[in-house]
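Q: A predicted structure for the sequence below; I have some questions about it.
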Amino acid sequence: MIDRKYMRYSKLVGKTVRNAPADAIFDSHKLLYKSGFIRESTAGRYYFLPLGWRAHQKIAKIVREEMDRIGGQEMIVPVLQPLHLWQETNRTASVGFELMTIKDGREFQFALGGTAEEMFVDLVRNLKLSYRDLPFNIYQFSTKFRDEIRARGGLLRVREFVMKDAYSFDRDETEFKKTYRQMAETYTKIFKRLGLETLKVEADNGYIGGEYCHEYQAESPIGESRFFVSEDGKYSVHADVAKFKRDDKNIGEQLKPYREIKAVRGTTMQDGVKLHGLPLWQQIKDFMAVDENGNLILAVIRGDLDVNEIKLAHAAGCHHLRHATAEEIHALGSEPGFISPVGLKGKVKIIGDPSLRTIRNAYGGANGLHRDAVNMNIDRDYTVDIEADIAMAQSGFSTEDGKSKLVEKRGIEVGNIFQLGYHYTKLMKGANFIDEDGKEKPYYMGCYGIGIGRTMAAIVEKYHDKKGIVWPEAVAPYDAHVVEVGSKEYGVKKKAEGICKQLEQAGIEVLWDDRDYVSAGVKFADADLIGIPWRVVVSERLGDKVELKARNSSLTEELTVDQLISKLKV
RNA sequence: CGGGGUGUAGCUCAAUUAGCAGAGCGCGCGGUUUGGGACCGCGAGGCAGCCGGGGCAGAACCGGCCAUCCCGACCA
């Protein structure tokens, strides 16, 4: 029978261990494993042990408090989502490989949700609401499934995780904008309470849909997200969608006559530079891609820039792109490494970057093996079907207004907020409310996610030292770690238990290392590893006093029990 | 999905030329210790990822499969 409130370490499931798995490379993964917070089931699916789950719950509690503060209403939807809802919004195609599906015994198909827009919209459309019910915001905490091709980094990128996902329903865009702004402020506040300084960056909506969104990035050298912040701080943006000003090159040069010449060279950009003895930027880069329907798309860009495939997909109006094969390029009458927009007009959709207008008398391939063209000029020698920004920004590039420069950063994406607009409510039949004028109108929506486990990993990445985790007080699994030293002597154990009781009564959550079979050194090392903010030592040497030490400090002080309680209660 | 690894005890890792399956940590028992990862003794724990092949003999060689990690393309 167990009737204790405070947790005895001797009974805790999930003790510390000395070695982390050899394949754990990130500090958060190693430390959460060694301190007994998590264990792996299969790749990308984790057990949260009691200590780990407490930290997880602390994070969720703060998220919940802040969602509730702005009127969010917590609920839950089924984990298995009817697949026909995903077909209704065409996401079975756009999500692609990440969507997991499952059949029940009657062959009815479900999606294992990685997000739940359809479910919430389906619920709301069946509720038949009016403008009087608006606006509202409903959310849940639930396990999400993403069939990630590659899980990695412990909790940083997994296949199964708890996410808080919220969905807002507004009457129109004007009302929505207020909701979105409020949610943005709430997110900043949530992460601040969790100990994370986040940057809100513009990003791509991807398969979620909608027109704009923002990610919350916790800056970290091990983060997988690349983004840019301008030096003046006015622009922060994911690398996928970063805009920049293209500098003019030889724009004043006279146009020279177009010529095609023999060019025995390799197929890289550098081979072109070497052969012609001209700068990289004067070369034209051609990138042949294929969309999900098999349509060929030729991206053309200034040679010193790289094609951004996200931007290119947007410009082409498709979901996914792959590189064209050599056979596909040959079938067009061209040659890999020698592709040119000249003469391909009409055979393939040509998308050109505005950077092509910053150069004159460019050189590049001429659609034949060892054939190059020189003095190529846009509009005169070739035209593009679509002129659009398809370039990848780079550190040091000018912002669009030309007043600042972009600086590259890396971060862990811990949350994001999406404008969805009418994306779902127009695709899903009947997702309307009755407005004041008696007419049915679609809801204007947004959605908002926070990955709890990833946030936990981001916190550990930021708050640790050589000895272990240093939890911020708000998310620590316990407030105080009582360590008894010399347990068998002079009633130390009894005294420690008494202190634990008093702390609990004062509302302080206690983990009590009551083991009398390990040395003091082991207990201290474990306390450092687990990282609870306050360590309270009880020992015979201290008499009636206890020793208090903060995990994030090397200073100790001796206090009476009353002083201890009043200090920790704050 | 491309490239590169790795699969031996719960974890970290050994094992000469193929010749009885090993160590440290951890776990259990006994004892000595007790303010920064103490020590002694004893013990438990293994279908060597799976399947097949050649061989007197395989953890090791060959083939296939599976799992898993790292680097690239995608996401909370």
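A: Thanks, I have the structure now.
Q: Let me know whether stretch A:52-61 sits next to RNA strand B.
A: No: contact of stretch A:52-61 with RNA strand B (C-beta under 7 Å from any atom of the strand) is absent, the minimum separation being 11.9 Å. For every residue, glycine as well, the C-beta is placed using N, CA and C.
Q: quick one: average pLDDT of that stretch?
A: Stretch A:52-61 comes out with an average pLDDT of 97.
Q: Next one, pLDDT for A:Glu40 please.
A: For A:Glu40, the pLDDT comes out at 88.
Q: Check the spacing between the nearest residue to it once chain neighbours are set aside and A:Ala20 real quick.
A: Leaving out its chain neighbours, the residue that sits closest to A:Glu40 by C-beta to C-beta, 6 or more residues apart in numbering is A:Tyr46, at 5.7 Å. Per C-beta to C-beta, to the nearest Å, A:Tyr46 is found 14 Å from A:Ala20.
Q: go on, A:Glu211?
A: Per C-beta to C-beta, A:Glu211 is found 43 Å from A:Ala20.
Q: Could you do A:Val348 as well?
A: Relative to A:Ala20, and taking C-beta to C-beta, A:Val348 is found at 51 Å.
Q: out of the two, which sits in the busier spot?
A: A:Val348 (21 against 17; other C-beta atoms under 10 Å).
Q: mind listing what the residue nearest to A:Glu40 touches?
A: A:Tyr46 sits next to A:Ile38, A:Arg39, A:Glu40, A:Gly154, A:Leu155, A:Val158, A:Glu160, A:Gly453 when contact means C-beta atoms under 8 Å, 6 or more residues apart in numbering.
Q: rerun that using 10 Å as the cut-off
A: For A:Tyr46, the contacting residues are A:29, A:32-33, A:37-40, A:52, A:151, A:154-155, A:158-161, A:453, by C-beta atoms under 10 Å, 6 or more residues apart in numbering.
Q: Name all residues that make contact with the residue in the stretch 251-400 of chain A positioned nearest to RNA strand B.
A: Residue nearest to RNA strand B within the stretch 251-400 of chain A: A:Glu309 (4.9 Å; C-beta to the nearest atom of the strand). By C-beta under 10 Å, 6+ apart, A:Glu309 lies in contact with A:Asp240, A:Phe287, A:Ala289, A:Ala299, A:Ala316, A:His320, A:Leu321, A:Arg322, A:His323, A:Ile390, A:Met392.
Q: If any of these are buried, put those into a PyMOL selection.
A: PyMOL command restricting those to the buried ones, with burial defined by 16 or more other C-beta atoms under 10 Å:
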select buried, chain A and resi 240+287+289+299+316+321+390+392
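Q: Quick check: which of the contacts of A:Tyr46 has the minimum pLDDT.
A: Within these, pLDDT reaches its minimum at A:Ala151, with 81.
Q: How about that one: what's its closest non-neighbour residue?
A: Closest residue to A:Ala151 apart from its sequence neighbours, by C-beta to C-beta, 6+ apart: A:Gly44 at 2.7 Å.
Q: Double-check the one you found against A:Val158; I have them as touching.
A: Yes: using C-beta atoms under 10 Å, A:Gly44 is in contact with A:Val158, at 4.3 Å.
Q: Overlap in contacts, these two.
A: In terms of C-beta under 10 Å, 6+ apart, A:Gly44 and A:Val158 are both contacted by the residues A:Arg146, A:Glu148, A:Ala151, A:Arg152.
Q: Could you list the low-pLDDT ranges of the stretch 51-200 of chain A?
A: The model of the stretch 51-200 of chain A has pLDDT under 70 over residues A:96-97.
Q: which residues does the residue in it that RNA strand B sits nearest to contact?
A: Going by C-beta to the nearest atom of the strand, RNA strand B is nearest to A:Arg152 of the stretch 51-200 of chain A, at 3.8 Å. Contact partners of A:Arg152, counting by C-beta under 10 Å, 6+ apart, are A:Asp23, A:Ile25, A:Phe26, A:His29, A:Ala43, A:Gly44, A:Val158, A:Glu224.
Q: Burial check on the last one, number of neighbours?
A: Okay, so that is A:Glu224. 13.
Q: What separation is there between it and RNA strand B?
A: A:Glu224 sits 4 Å away from RNA strand B, taking C-beta to the nearest atom of the strand, to the nearest Å as the criterion.
Q: what's near enough to touch that residue?
A: Neighbour list for A:Glu224: A:Arg152, A:Gly153, A:Leu156, A:Arg157, A:Arg410, A:Gly411, A:Ile412, A:Glu413 [criterion: C-beta under 10 Å, 6+ apart].
Q: if we go to 8 Å?
A: A:Leu156, A:Arg157, A:Arg410, A:Ile412, A:Glu413.
Q: If any of those are buried, give me the PyMOL selection for them.
A: To isolate the buried members of the contacts of A:Glu224 in PyMOL, using 16+ other C-beta under 10 Å:
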select buried, chain A and resi 156+157+412+413
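Q: Narrow the contacts of A:Glu224 to those in strands?
A: Members of the contacts of A:Glu224 lying in strands (criterion: DSSP state E): A:Arg410, A:Ile412, A:Glu413.
Q: which of the residues you listed lies closest to RNA strand B?
A: Distance to RNA strand B across the ones in strands among the contacts of A:Glu224 (C-beta to the nearest atom of the strand) is lowest for A:Glu413, with 4.4 Å.
Q: Give the bridge partners for the closest one, please.
A: Here A:Glu413 sits in beta bridges with A:Gln217, as judged by DSSP bridges.
Q: ok, the residue in the stretch 201-350 of chain A that RNA strand B sits nearest to - how many residues close by?
A: For the stretch 201-350 of chain A and RNA strand B, the shortest gap (C-beta to the nearest atom of the strand) falls at A:Gly206, measuring 2.7 Å. A:Gly206: 16 surrounding residues under other C-beta under 10 Å.
Q: That one and A:His238, how far apart?
A: For A:Gly206, the distance to A:His238 - C-beta to C-beta - is 11 Å.
Q: for A:Tyr216, same thing?
A: Note on A:Tyr216: its distance to A:His238, by C-beta to C-beta, is 11 Å.
Q: What separation do you get for the residue nearest the centre of chain A and A:Arg152?
A: Residue closest to the average C-alpha location in chain A (C-alpha atoms, centre = their mean): A:Glu413, at 2.8 Å. Noted for A:Glu413: a distance of 14 Å to A:Arg152, by C-beta to C-beta.
Q: cool, and A:Val522?
A: Distance, A:Val522 to A:Arg152, using C-beta to C-beta: 32 Å.
Q: Show me the contact partners of whichever strand or helix holds A:Ala93.
A: Applying DSSP states H and E as the criterion places A:Ala93 in helix A:91-95. Helix A:91-95 is touched from outside by A:Leu83, A:Trp86, A:Leu99, A:Ala111, A:Gly114, A:Glu118, A:Tyr207, A:Gly209, A:Glu292, A:His319, with contacts defined as C-beta under 8 Å, 6+ apart.
Q: Quick check: the closest residue to A:Glu117 other than its chain neighbours vs RNA strand B, distance?
A: In this structure, A:Glu117 finds its nearest non-sequential neighbour in A:Tyr424, 5.3 Å apart by C-beta to C-beta, 6+ apart. From A:Tyr424 across to RNA strand B, the span is 14 Å (C-beta to the nearest atom of the strand).
Q: Got phi/psi on A:Gly277?
A: phi 60, psi 30 (degrees, to the nearest 10).
Q: Check it and give its pLDDT.
A: pLDDT for A:Gly277: 93.
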